[in-house]
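Asker: Sequence and predicted structure, then a few things I'm wondering about:
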Amino acid sequence: MLKMSIATIIILVVIGVAAGILSGLVGVGGGLIIVPSLVYFLAFSQKEAQGTSLGILLLPVGILAVMQYYQKGFIDIKVVLIVSTGFLIGGWFGSKMAVSLPVATIKKIFAIFMLITAVKMLLIDKPSPKEITEKQNIEKK
């Protein structure tokens, strides 16, 4: 068990705040799968995908981030409910597989998926129609 000195508590709070900022900023968590999938397969804008990912994964700890995205119209509640159900079932199956695989294999699978996603987003990705409209609206101001 971790010794809870004041220094330890401060470090834990800083880690929590940093993780919360990153989650609110880019929708991390299962977002490594959810965000790119919503963008590529359902033509969500990046912001909609991130907001929806937060709605799926972060309630109640990410409620303030979810509220920001929801108030701006970047969360599709129906998608949140459907993907959450699939995520619950898939999480169970995925955990069953993960505990039976060597750690090195899991790390390699994760790293390969991250590389493929990064290359696609950096080099191949095309903006969605919603992102094009958003950019045009910003340029008009």
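Answerer: Yep, that arrived.

Asker: For the rest of this, base every contact and every neighbour count on C-alpha atoms.
Answerer: Will do.

Asker: how far does stretch 82-100 sit from the chain's center?
Answerer: Put simply, stretch 82-100 sits 16 Å off its chain's centre (C-alpha atoms, centre = their mean, to the nearest Å).

Asker: Return the set of buried residues in the helix ranked longest in the chain.
Answerer: Using DSSP state H, we find that the single longest helix of the chain is helix 77-100. For helix 77-100, the neighbour count (16 or more other C-alpha atoms under 10 Å) marks 79, 80, 83, 84, 87 as buried.

Asker: In a markdown table, list those residues along with pLDDT.
Answerer: Putting the buried residues of helix 77-100 into a markdown table (pLDDT from 0 to 100) gives the following:
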| residue | pLDDT |
| --- | --- |
| 79 | 87 |
| 80 | 87 |
| 83 | 82 |
| 84 | 81 |
| 87 | 77 |
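
Asker: which among those gets closest to residue 131?
Answerer: Among those, residue 79 lies closest to residue 131 (C-alpha to C-alpha), at 19.2 Å.
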